[in-house]
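Student: Sequence first, then the predicted structure, then my questions.
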Amino acid sequence: MSAATLSRDEARRAALRAQGLLGSDGRRGGPAAMLRRVGAVQLDTISVLARSHELVAYARLGAVGRPKIEKAYWSGGAFEYWSHAACVLPIEEWPMFGFRRRWFRDRGWRWHEVPQDACPKVLAALKANGPMTVTELGGARRGGEWWDWSDVKIAVEWLLDVGEVVCTERRAWKRVYDLPERALPPEVLADDPDDEVCLQRLVGQAGVALGVATIGDLADYHRLKRDQVRAVLDATDLVPVSVEGWRDAGWADPGALEALSTRGRHRTTLLSPFDSLVWDRARTLRVFDFQHRLEAYVPAPKRVHGYFAMPLLVGGRLRGRVDPGREGTTLVAKRLSCDPAAVDAMAQALREAAEWVGCDAVALETVDPPELAKPLRAALA
């Protein structure tokens, strides 16, 4: 049977629906269901309007309370581990990352040499005292730069890498470490698939979360190697497709193909630059014809769109971006650009985001093109 051929528009709609940004299904079940739908929510230290993992839920669910989001992530239904980056992951996905924990153990080190004498002490402290932060365990740094970790910090991070401890909570943005046998459900802890099964599950899950994807897209979702994806593709439920304009072959979730004939309402929202819809820059350009780049680590004079530029999603397309900040109870659009036809949508997205974070006004600074500043201010008023 020949592979189905999808238009660019169909591929884009499949991606949006899979990510919970098209249709009512994306709002059902609240933050916990959203996490299971996307499979991984990236964490990051940057907090402008809110932390990125909160923004991901907001983009899909609207003005859900931030405490409700945190509770959904950290009340026993999720854990933190290395996926696309440091991510919140559904608790049932713990077994899928056994291949990565074994890889760390076989390598025998992380960024630092592991002080083996510190590992038993960390495990003993957790066993005796219950969940603890690294500060409670004995200190995060020796006192120098951020990478100058104490032996305790190196040890507990190594134990996290290899699965002898687990993080199921962040407290004041500090990881809270616990023992797997205490933090994980028995059935999750008992599931110990081999590497091939782990990869098969992860590739299948990525395919469902992406809707339609290339091998490179599938690999990037959980930071796998392309050869690892190729080795297990035939064992997943994903089916080959051809997408108009895509150089590489595609693979699609059958459920995404079935849903192509179903219409639904698009979200109008601002996206975190770490949102799984756009975290793969090459895919974002291919699917949305939108050049997206995080400039937080670019020297300020060289930034084009700003420190934490958030893409504007409207009508299923990326039509602008804004670098937000806060001054008291005012949301400040420090640098903003958008299509002229998206002015009203940008104003709506800014007003809703401001209200969600407790701001009662929106101010504009730099607008590109400048002639949009006046209609934007009128729309905001």
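Tutor: Structure received.

Student: can you list the weak-confidence ranges in the protein?
Tutor: Within the chain, the stretches with pLDDT under 70 are 1-2, 140-148.

Student: max-length helix in it?
Tutor: helix 195-210 (DSSP state H).

Student: What is the subsequent helix or strand relative to it?
Tutor: strand 212-213 (DSSP states H and E).

Student: distance between that following strand and the chain's centre?
Tutor: The chain centre lies 17 Å from the centre of strand 212-213; the measure is CA atoms, centre = their mean, to the nearest Å.

Student: ok, and what's touching it?
Tutor: Strand 212-213 is contacted by residues 6, 11, 14-15, 18, 206-207, 221, 241, 243, 250-253, 256, 283 when judged by CB atoms under 8 Å, 6 or more residues apart in numbering. Just so you know, the C-beta spots here come from the backbone N, C-alpha and C atoms, and that holds for glycine as well.

Student: Pairing partners for that strand, with directions?
Tutor: strand 250-252 (antiparallel) (DSSP bridges).

Student: ok so, going back, can I get the longest helix of the chain in PDB, CA atoms only?
Tutor: This file holds the C-alpha atoms of helix 195-210, laid out as PDB (Å, rounded to 0.1, in the frame of the first residue of the first chain):
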ATOM      1  CA  ASP A 195      16.400  -0.800  25.500                       C
ATOM      2  CA  GLU A 196      14.600  -1.800  22.400                       C
ATOM      3  CA  VAL A 197      11.200  -1.700  24.000                       C
ATOM      4  CA  CYS A 198      12.100   1.700  25.700                       C
ATOM      5  CA  LEU A 199      12.900   3.200  22.300                       C
ATOM      6  CA  GLN A 200       9.900   1.700  20.700                       C
ATOM      7  CA  ARG A 201       7.600   3.300  23.300                       C
ATOM      8  CA  LEU A 202       9.300   6.700  23.200                       C
ATOM      9  CA  VAL A 203       9.300   6.900  19.400                       C
ATOM     10  CA  GLY A 204       5.600   5.900  19.300                       C
ATOM     11  CA  GLN A 205       4.800   8.500  22.000                       C
ATOM     12  CA  ALA A 206       6.700  11.200  20.100                       C
ATOM     13  CA  GLY A 207       4.800  10.300  17.000                       C
ATOM     14  CA  VAL A 208       1.400  10.700  18.700                       C
ATOM     15  CA  ALA A 209       2.600  14.000  20.300                       C
ATOM     16  CA  LEU A 210       3.700  15.400  17.000                       C
END
